[in-house]
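J.: Would you be able to build a 3D model of this:
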Amino acid sequence: MTAGRGQPAGRTPAGLWRNTGFVALWGGRTVSTLGSQVTQIALPLTAVLVLAATPLQMGILRAVAATPDFALGFVAGAWWTACGAGGC
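T.: Got it, this is the predicted structure:
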């Protein structure tokens, strides 16, 4: 006999929250994402409000901030094209 959703009767489901590896991964990703979002908002605001950055300087700041995404994206794309899903 089963107790809903395919679980044997009298047995509680394990769930992801009891898996310490998942909790560590989830917590790390949450903190990382939160930090990235704060930096994405706080850095330009600090540049404008505290440092009185000009529009040209703000453009340069955004270009420098976006450079790692473009550089890593191109490298990852070239690697994926060369190796594909089968691996190298």
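J.: Return the backbone torsion pair for residue 50.
T.: The phi/psi pair for residue 50 (degrees, to the nearest 10) reads phi -90, psi -40.
J.: Check the burial of residue 44 by counting its neighbours.
T.: Neighbour count of residue 44, defined by other C-beta atoms under 10 Å: 15. In short, each C-beta sits where N, CA and C put it, glycine included.
J.: And the strand or helix carrying it, what's buried?
T.: Residue 44 belongs to helix 20-49 when elements are defined using DSSP states H and E. Buried residues in helix 20-49, defined by neighbour count with 16 or more other C-beta atoms under 10 Å: residue 47.
J.: And that helix, what does it pack against?
T.: Applying 3 or more C-beta pairs under 8 Å, 6 or more residues apart in numbering; DSSP states H and E, we find helix 20-49 packed against helix 55-83.
J.: shaky segments in the chain?
T.: 1-13, 85 (pLDDT under 70).
J.: any idea which residue sits dead centre in it?
T.: By C-alpha atoms, centre = their mean, the chain has its centre lying nearest to residue 33, at 5.2 Å.
J.: OK, contacts around that residue?
T.: By C-beta atoms under 8 Å, 6 or more residues apart in numbering, the contact list for residue 33 is empty.
J.: picking up where we left off before, ok now the helix holding residue 44, how far from the chain's centre?
T.: Counting by C-alpha atoms, centre = their mean, to the nearest Å, helix 20-49 is centred 8 Å from the centre of its parent chain.
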